[in-house]
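Asker: compute the structure for the input listed below.
(2 chains, ligands or ions: 1)
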Amino acid sequence: MPDSHTGKRAEIADNETLAALRDFFAATGAADLRDAASRIAAATGSPLPAETDWTTAEYLFNRLFVGPAAVPAPPYASAYGDDESLLMGKPAQAARQAYRSMGLAVPRQGTIPDDHLAFELDAVLALRSLAEASPSSPAGPHAAFITDHMACWLPRFIQAVRANLPSGTAEGMPGPPEHTVCPVTLAVDTLAAWLDEETRSMAASSPHSQNTNSKEE
Amino acid sequence: MKEKNSGLSRRRFLQGISAAGAAALLPCRFLMPHSAQAAAFSEQEYQVFRNACPRNCYDTCSIKTYVQDGVVKFIEGAQESTFTHGGLCVKGYAYPRRVYSPDRIKYPMVQDGRRTGNWRRVTWDEAMDRIARKVLELKEQDGSLLGLGLTKYSGNFGITNYGVEGMMSSLGYTTRFVGTPCWPAGIDAQNYDLGDMWCNDPEDMVKSRYIIIWGANPAWCSVHSMKYVMEAKRRGAKVVVIDPVFTQTAAKGDVFWQPETSSDGALALGMARHILDAGLVDRDFVNNHSVGFNEFADYLRANVTVEWAAERSGIPAQQIREVAEEFASADPATIWIGYGMQRHTNGGASVRAIDALVAMTGNVGKEGGGARYGHLRTWGFNYHALLQKQPEGAVGFVGGGGPKGDFDFTKEEAAASYTDRTVNINKTAQAILDTKDPAIRMLWVSCKNPFAQDFDRPKLEKAFDTLDLVVSVEQFFTETVSNSDIVLPVTTLFEEWTVNVSYWHYWMGLNEQAITPMFETKSNIEIAALLSKKMNELSPGSCTFPQEIDTREWLEKEFNQGIYDTFGISHWTDLRNGPAKARMASSASWHDKAFGTPSGKYEFRSELCEQNGHAALPVYKEGRKPYDVFRVLTPHTQFGLHSQFINLDWMKEYNKEPFIYMHPDAAREKGIADLDTVRVFNKVGEVRSRVKLTRNVAKDCLLMYEAWFGPESTFNVQNLVDDEASDMGAFKTGAPGVALHDQFANVEKL
Ligand code: SF4
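Answerer: I've put the predicted structure just below:
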């Protein structure tokens, strides 16, 4: 990810990127997508073409993540479990426990699975905030949640998204493909870069970290 | 790496988090402070709930559901029911894979152009607004709501789901697709012969000395009944299986007959003639408890011979004689009449011939005997959800009336000036195309997948294209949803309150809400309440359905003293301890020989039947003339119920692709080898698939299992099935059945 090395400025930008990613994957329609994708674009310096058709983006987003047809890239950790490709599996329970230890829970627990990507990114922001409040344990829960949990499924999720994106970067998007960026591509590339960066820096700072997944993509 | 996929270690995670009280200050958009202590939940503890499989399956299993921290962990069959006996079928065991499938329909959505796949999420309020406005527009333009059609069948048999029909009534008089694709010809036949469809308790099959399973495949479709068949066999009973296909049930029988498809009537009459000649008729029964036997005997002597039956059916005369004699001599002996054998243009006539065979041997009204077809004796609920009143001033159809299907529990109000308009559910496509003044312009689909189940799919697509608005209420993305404008996500059995009974056994099972409804799913009656709210917001008084409902209360409203007495419980909450069985004087239907016919006796000769346009006697009726080279059979598959379950991962593991099953000799003549891709085609349409060669099917037959769906497949057997009617069904169910096994096609290698 560009420009996210050290310093307060980069940190803020990174939090904003995360929050924008979270909001992107929680989007319920074109307006949400436009808002979140614009924020991702601003934070990462990859502007989206002005002529982006947000309704088309919404169709694609729903085809990949929401439905009503069978979704090729469900944004839930449990869908990538090894024993059961079902929602509400062990990864969802793990996410629930993680939130509980922070004194948090998903709204209306039991409706949207706890391991929805947007909830997990929300949790990462919370963990960052907690880590800032007690800097003595920088590689504690934050690292665990990312390396032991998110890094286990996100590479497969990212791969599933990429494999099911329309061919070219922006099929269905107006304008010549080489000049346009599909919002889903932007979001998933940003997510991949963030995960890569996080796992790399954690591996560097903690020799005990069980970082085995960052090479998957 | 794989092992620790879900391995977020709690110990590691908990380290360093001590400021839980500060949760409210964290920069979260979604996650909220969690008030309950994490420790309050014990990982060892399960909550147990009662559920009941609502899948229109003979077995209607009672289920025990184990829930941990709000998540269904596993399920099993209830041990308390001797019928379910602690087990489920594969479909049943797959239920957790349904509720937690990533492919579930999760939100109300609208499609911008049918079959485009361009879907947008909408709120429930937006969905209801669009629906309600269309309803009001129809009313405004037509002066009635007859332009609004409902097609619903048995996809969810929970009693409260009759609230879908209730919702329609609460809007006004609408157009209803009535009848049943399932069993109507046989229902009428049994009503003519016996005065009702009423079968023995299947558990009493253990007492049978001779069992003929005629056109049914319980090893696949009623797995729990098989234990009674097998126990009877262990005790010495002979089991004869009659089927055009060598099924798994056939493999377990002592005798297998593979007759010409739809020659069942001839076969039964040939057996009857031999029983008559051999002097094995039960004289006490025919003299004291029946009418018209002598005329039937005269008919047999004048028109039927065993050789004739052998020639029609392809079963050797000697075998017909042997089985007929054994059947007539065994005491008791029973015939299980499957639904497949009446899905013919002569299906009702065939069932009447088989009923006659059971009656003339004195096996009606006997424990361990009986002509077993089905029953609705335990269905005495209040139908509170169903029985909603039309709004004041609603205008409807004049001159209607009559039954609205096999499960019609409404009692038509005397002298109601208007009724719903009824059209034939087995001709859905044609009815949509033909109905005028007003035309059907809006269709509500629930508990049904017409594109998988209704006949003549090419015509159905054309018909759907004439509609202004199609609303589907579904759990998964089917071809019907693809042909809809709006889809509404509906709850699974674990997410709603209801109660289920069977049309085969005599148990009743409670269905509790075991988990919070996931995503934005709602039950059918909650959807009705939402629509009512919106209707009344836009046009006060336009819908009578209650706008706020508690589904648990609505379950309670279905019970009455009669039901409690029938099942020997004092309150529905007793069912939390396990399913209850109806208390019966005898396990035999018609045990007191007080038949429901006009004469009060078994009617070999039925004037009612004659009045309704058929022969008075159970005479032979010719089947449908072949209109192409091969007969096409499209029975149910093993691990699905129509299209339900077919899309789950477990099922796909077994059935990776659909196949066309063909006899090797026929294939050789066509130059087709095993696993070749072929095209099967007829006047309706075509199906492409790979072939599997098997001697389980007859040489003149192409078999393909009914349902298959998924993004990777366009396979649909309804491309080969026209909407030809069966002979009977209109009397008791409002419309004749469909001759879906009287279909023909040709095949070529691609
Ligand atoms: S499909 Fe039939 S056998 Fe299977 S669980 Fe449901 S009721 Fe029981």
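Asker: when you work out contacts or count neighbours from here on, use the C-alpha atoms and nothing else.
Answerer: Noted.
Asker: now do stretch B:221-231, average pLDDT.
Answerer: Taken as a whole, stretch B:221-231 has a mean pLDDT of 97.
Asker: dump the residue contacts of the residue of the stretch 51-200 of chain B found nearest chain A.
Answerer: Taking CA to the nearest CA, chain A has its nearest neighbour within the stretch 51-200 of chain B at residue B:103, 4.4 Å off. The contact partners of residue B:103, by CA atoms under 8 Å, 6 or more residues apart in numbering or on different chains, come to A:67-71, B:476-477.
Asker: OK, now which residue of chain A is nearest to the ligand?
Answerer: Going by CA to the nearest ligand atom, the ligand is nearest to residue A:86 of chain A, at 19.7 Å.
Asker: hang on, that residue in a helix?
Answerer: No - looking at residue A:86 with DSSP: H, G, I helix; E, B strand; the rest coil, it is coil, so not inside a helix.
Asker: just to check, it is in contact with residue A:75?
Answerer: No - under the criterion of CA atoms under 8 Å, residue A:86 is not in contact with residue A:75, lying 11.9 Å apart.
Asker: the lengthiest helix in chain A vs chain B: in contact?
Answerer: Identified as the longest helix of chain A according to DSSP state H is helix A:183-205. No - judged by CA under 8 Å from any CA of the partner chain, helix A:183-205 stays clear of chain B, getting no closer than 14.6 Å.
Asker: average model confidence for that helix?
Answerer: On average, helix A:183-205 scores 91.
Asker: CA-only coordinates of that helix in CSV, if you can.
Answerer: Only the C-alpha atoms of helix A:183-205 are listed here, as CSV (Å, rounded to 0.1, in the frame of the first residue of the first chain):
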residue,chain,number,x,y,z
PRO,A,183,-14.6,-0.2,-7.6
VAL,A,184,-14.6,-3.9,-6.5
THR,A,185,-11.1,-4.3,-7.9
LEU,A,186,-10.0,-1.3,-6.1
ALA,A,187,-11.5,-2.5,-2.8
VAL,A,188,-10.2,-6.0,-3.0
ASP,A,189,-6.7,-4.8,-4.1
THR,A,190,-6.6,-2.4,-1.2
LEU,A,191,-7.7,-5.1,1.2
ALA,A,192,-5.0,-7.5,-0.1
ALA,A,193,-2.4,-4.8,0.2
TRP,A,194,-3.5,-4.0,3.8
LEU,A,195,-3.4,-7.6,4.8
ASP,A,196,0.0,-8.1,3.3
GLU,A,197,1.4,-5.1,5.1
GLU,A,198,-0.1,-6.1,8.4
THR,A,199,1.1,-9.6,8.3
ARG,A,200,4.5,-8.6,7.1
SER,A,201,5.0,-6.0,9.9
MET,A,202,3.7,-8.4,12.5
ALA,A,203,6.0,-11.2,11.3
ALA,A,204,8.9,-8.7,11.7
SER,A,205,7.9,-7.5,15.1
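Asker: returning to that earlier point: show the contacting residues for the residue of chain A closest to the ligand.
Answerer: Listed by CA under 8 Å, 6+ apart, the contact set of residue A:86 reads A:78-80, B:97, B:100-102.
Asker: what about the longest helix in chain B?
Answerer: From DSSP H, the single longest helix across chain B is helix B:124-142.
Asker: tell me the first helix or strand C-terminal of that one.
Answerer: strand B:148-152 (DSSP states H and E).
Asker: in its sheet, what does that following strand sit against?
Answerer: The pairing partners recorded for strand B:148-152 under DSSP bridges are strand B:175-178 (parallel), strand B:442-446 (parallel).
Asker: excluding its backbone neighbours, what's nearest the closest residue to the ligand within the stretch 401-550 of chain B?
Answerer: Nearest residue of the stretch 401-550 of chain B to the ligand, counting by CA to the nearest ligand atom: residue B:502, 8.8 Å away. Distance criterion CA to CA, 6 or more residues apart in numbering or on different chains; nearest residue to residue B:502, sequence neighbours excluded, is residue B:60 at 5.5 Å.
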